[in-house]
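Q: how would this look folded up:
(2 chains)
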Amino acid sequence: GAGVSQSPSNKVTEKGKDVELRCDPISGHTALYWYRQSLGQGLEFLIYFQGNSAPDKSGLPSDRFSAERTGGSVSTLTIQRTQQEDSAVYLCASSLGPAYNEQFFGPGTRLTVL
Amino acid sequence: GENVEQHPSTLSVQEGDSAVIKCTYSDSASNYFPWYKQELGKRPQLIIDIRSNVGEKKDQRIAVTLNKTAKHFSLHITETQPEDSAVYFCAAKAGSQGNLIFGKGTKLSVKP
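A: Below is the predicted model:
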């Protein structure tokens, strides 16, 4: 079946603008995760959704970052008033649920803030 | 919270040699330890994982060992091939949490 998809694949924006990044998880996966990968770095956890539970936002770096998950499926990560340090690849992953450990990653959105 | 350290950051081996990458973690509650391979410009792909009730797991040329007492785990790749060249990430997950905590990665280069 289809894997995790993300859009856009690339986004170039100007400092101060807002951006929205989209993630479509694998059908039936109740858990969804957002990670950020800066150049040459590991993956930094941002936020985690599990079913209808309140999301775990403990990884969000500032209040400029927010995320929603509508209908338990598609998720949108929003970055307001973007800064140059926000430039990174934003990766989404999904898993069947918290008891199922394997996370499947999407191709990522490369964000460049000029 | 959990912290994962990974070494080395770069590793260069000759084709056919073995490669070993080591990780340590801080949270004794962590119970799941995956390894991901990321080729240039591509998404991370799970290559092997181990749960805390197991000490070693093998899958063809790849093996992972876990020492819960010392809180470290290692990836072993034998008979390396040029296509093994990639960045490898270790990670840890606590049972009470959903997200993975990743190491900073090891860039493996296999020279033909």
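Q: need the contact list for the residue of chain B positioned farthest from its centre.
A: Distance to the chain centre peaks in chain B at residue B:112, reaching 22.7 Å (criterion: C-alpha atoms, centre = their mean). Residue B:112 sits next to B:15, B:82 when contact means C-beta atoms under 8 Å, 6 or more residues apart in numbering or on different chains. (Each C-beta comes from the backbone N, C-alpha and C, glycine too.)
Q: One more: residue B:59?
A: B:47-48.
Q: Now with 6 Å, please.
A: Counting by C-beta atoms under 6 Å, 6 or more residues apart in numbering or on different chains, residue B:59 makes contact with residue B:48.
Q: List, one by one, the residues from chain A near chain B.
A: Proximity of chain A to chain B (C-beta under 6 Å from any C-beta of the partner chain) is limited to residues A:31, A:33, A:42-43, A:45, A:48, A:50, A:98, A:101-102, A:105, A:107.
Q: and these as CSV, adding neighbour count and pLDDT?
A: Output for those, formatted as CSV (neighbours: other C-beta atoms under 10 Å in any protein chain shown; pLDDT from 0 to 100):
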residue, neighbour count, pLDDT
A:31, 21, 92
A:33, 27, 95
A:42, 20, 85
A:43, 26, 93
A:45, 22, 93
A:48, 23, 93
A:50, 18, 90
A:98, 18, 70
A:101, 19, 76
A:102, 12, 88
A:105, 22, 96
A:107, 17, 95
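Q: now, the most widely separated pair of those?
A: Greatest spatial distance among those (C-beta to C-beta): A:98 and A:107, at 23.9 Å.
Q: one step back: could you report the distance from the residue farthest from the centre of chain B to chain A?
A: Residue B:112 sits at a distance of 24 Å from chain A (criterion: C-beta to the nearest C-beta, to the nearest Å).
Q: just residue B:23 next, same as before
A: Relative to chain A, residue B:23 is positioned 11 Å away (C-beta to the nearest C-beta).
Q: Please name every helix or strand in contact with whichever strand or helix holds residue B:76.
A: Assigned by DSSP states H and E, residue B:76 belongs to strand B:72-77. In this structure, strand B:72-77 packs against strand B:19-25, strand B:62-67, with contacts taken as 3 or more C-beta pairs under 6 Å, 6 or more residues apart in numbering or on different chains; DSSP states H and E.
Q: What's the local residue count around residue B:3?
A: The number of residues packed near residue B:3 is 11, by other C-beta atoms under 10 Å in any protein chain shown.
Q: Pretty sure residue B:26 is one of the things it touches, is it not?
A: Yes: using C-beta atoms under 6 Å, residue B:3 is in contact with residue B:26, at 4.4 Å.
Q: Low-confidence regions, chain B specifically.
A: B:95-97 (pLDDT under 70).
Q: what does it have sitting close to chain A?
A: B:32, B:43-44, B:46, B:89, B:98-99, B:102-105.
Q: and those residues, which are buried?
A: Applying 16 or more other C-beta atoms under 10 Å in any protein chain shown to the residues of chain B next to chain A, the neighbour count classes B:32, B:43-44, B:89, B:98-99, B:102-105 as buried.
Q: Let me see the contact set for residue A:29.
A: Residue A:29 sits next to A:94-96 when contact means C-beta under 6 Å, 6+ apart.
Q: can you pick the most crowded of those residues?
A: Going by other C-beta under 10 Å, residue A:94 tops the contacts of residue A:29 with 26 neighbours.
Q: any idea of the mean pLDDT for the helix or strand hosting that residue?
A: Using DSSP H and E, residue A:94 sits in strand A:88-95. The pLDDT scores in strand A:88-95 average 96.
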